[in-house]
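sequence and predicted structure below; questions after.
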Amino acid sequence: MISTGKGRVAELKLHRENKEQIGAVRRKRGKSKLVLFFSVALAAYFVFSLGSQFNKLHAMQSNMDSLQSQVEELKSRNAALRQEIKQIKSDSYVEQVAREQLGLVKPGETLVVQAQSQQENNKKPQTTPSKENKPQGETFNVPYKNIYD
């Protein structure tokens, strides 16, 4: 031990320097903890953002797949409708409709209408005769037109 006063001053200076060094170390530790906290928070934010973007991407891809299947279905339906339009515009289809639905015939052909059977006549409701004199027997109300006139 040193009994002079000079030693105590030197000892106090060393003690103050040690305190300052300890405080600086503590401040550095506090800053490093703060930097670590912000780094972890930033990394968590990036992971969360990346995950949500992948979810949106997956939803968009599934939506795109369903839309592509709808497009293919509509293309096939469009092709079928174009084929039907082509068939309807053909002369044979027009002639078939004229014969079956309109009862038209070509020149020189004879229209033959099949009479209804007795059972079919009984199924129809009875109508009251009008005051006009109608001829006896069945009458046919079929329009006769020639498609080439």
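The structure has been received and is ready for your questions. Residues are numbered from 1 along each chain as shown.

show me where the protein has helices.
Using DSSP state H, the helices found in the chain span residues 5-88, 91-100, 118-123.

and the average pLDDT for the second one is what?
What that stands for is helix 91-100. Here helix 91-100 scores 86 as its mean pLDDT.

lowest-confidence stretch among the helices of the chain?
Looking at the helices of the chain, the lowest mean pLDDT belongs to helix 118-123 (a mean of 64).

would you indicate which residues of stretch 96-107 are buried?
For stretch 96-107, the buried set under the neighbour-count rule, 16 or more other Cβ atoms under 10 Å, comprises 104-105. For the C-beta atoms, the positions are set from N, CA and C on the backbone; glycine is no exception.

with just CA atoms, put it into CSV.
Provided in CSV are the C-alpha atoms of stretch 96-107 (Å, rounded to 0.1, in the frame of the first residue of the first chain):
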residue,chain,number,x,y,z
GLN,A,96,-86.5,-30.3,-94.6
VAL,A,97,-88.0,-27.6,-92.4
ALA,A,98,-90.3,-26.4,-95.2
ARG,A,99,-91.6,-30.0,-95.7
GLU,A,100,-91.9,-31.0,-92.1
GLN,A,101,-93.0,-27.8,-90.3
LEU,A,102,-94.7,-25.8,-93.1
GLY,A,103,-96.2,-28.6,-95.2
LEU,A,104,-94.7,-27.3,-98.4
VAL,A,105,-94.1,-29.5,-101.5
LYS,A,106,-92.1,-29.3,-104.7
PRO,A,107,-93.9,-28.9,-108.1
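
against Ser90, how distant is Gln61?
Remark: distance between Gln61 and Ser90 (Cβ to Cβ, to the nearest Å) = 44 Å.

who are the contact partners of Arg99?
Val105 (Cβ atoms under 8 Å, 6 or more residues apart in numbering).

can you tell me how far it is from Leu34?
94 Å.

one more: Gly108?
As for Gly108, its distance to Leu34 is 106 Å (criterion: Cβ to Cβ).

and the two? Which one has more around it.
Leu34 (10 against 6; other Cβ atoms under 10 Å).

can you get me a residue count around Met60?
Met60 has 10 neighbouring residues, counting by other Cβ under 10 Å.
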